[in-house]
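Visitor: Show me the folded form of this:
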Amino acid sequence: MKFRMVDQIEHWQPRHSIRGRKVVSFEEYQLKKPQGDEAALPESLLTESMFQLGGWLMILSSDFTEMGLVTRFEEIRFDRRVRPGEGVQLEVTVRSWRADGVVLDGRATDDAGRSIATGRGCLAVPVLLADYNNPDDLRVLYEEIYRGN
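Guide: Residues are numbered from 1 along each chain as shown. Next up, the predicted model:
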């Protein structure tokens, strides 16, 4: 994960769900003001945050042997934009888990619990993690971002 969009993993249950957090920095370069609008995290990067959290669930559930490649999603709805300095609570749940694909649903809320975005029907195909990332590097990163009990 060269471009990290999940700052914390708070809790996870293998093959079931994962909860994490992204804090939108004032200094993130992707927050440039488009055409005079207020700076905000682009919706594509918010989507990537949910995809990466789901990817972590697949990595952790396989003990760092598999990851998921997203091939499609059914729907993503954005309810509001995320501004610099705001925290985003992320949650991804498994709808189905099979050897040939995992279907995930996700949601992002602000610290007050208001909806930012919801996504459903994300299909991720399992592939060997070592073909794309160094599992040892991801173990180190996980130790840095995991805040669960």
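
Visitor: Neighbours of His16, how many?
Guide: Residues lying near His16 (other CB atoms under 10 Å) number 12. C-beta: built from backbone N, CA, C; applies to glycine.

Visitor: can I assume Val88 is in contact with Gly106?
Guide: No - Val88 lies out of contact with Gly106 (CB atoms under 8 Å); the separation is 11.3 Å.

Visitor: Could you measure from Phe78 over to Val6?
Guide: 18 Å (CB to CB, to the nearest Å).

Visitor: ok, now Glu143?
Guide: For Glu143, the distance to Val6 equals 14 Å [CB to CB].

Visitor: Then Gly121?
Guide: Distance from Gly121 to Val6, counting by CB to CB: 21 Å.

Visitor: quick one, which of these two is more surrounded?
Guide: Under the criterion of other CB under 10 Å, the comparison of Gly121 against Val6 puts Val6 first, with 23 against 13.

Visitor: Show the contacting residues for that one.
Guide: 20-22, 49, 52-53, 56, 90, 145 (CB atoms under 8 Å, 6 or more residues apart in numbering).

Visitor: Repeat that for Leu90.
Guide: Counting by CB under 8 Å, 6+ apart, the residues that Leu90 touches are 6, 19-22, 49-50, 53, 106-108.

Visitor: residues in contact with the lengthiest strand in the chain?
Guide: Identified as the longest strand of the chain according to DSSP state E is strand 115-128. Strand 115-128 is contacted by residues 43, 46-47, 50-51, 54-55, 58, 62, 65-80, 82, 88, 95, 99-110 when judged by CB under 8 Å, 6+ apart.

Visitor: Fine, thanks again, bye for now.
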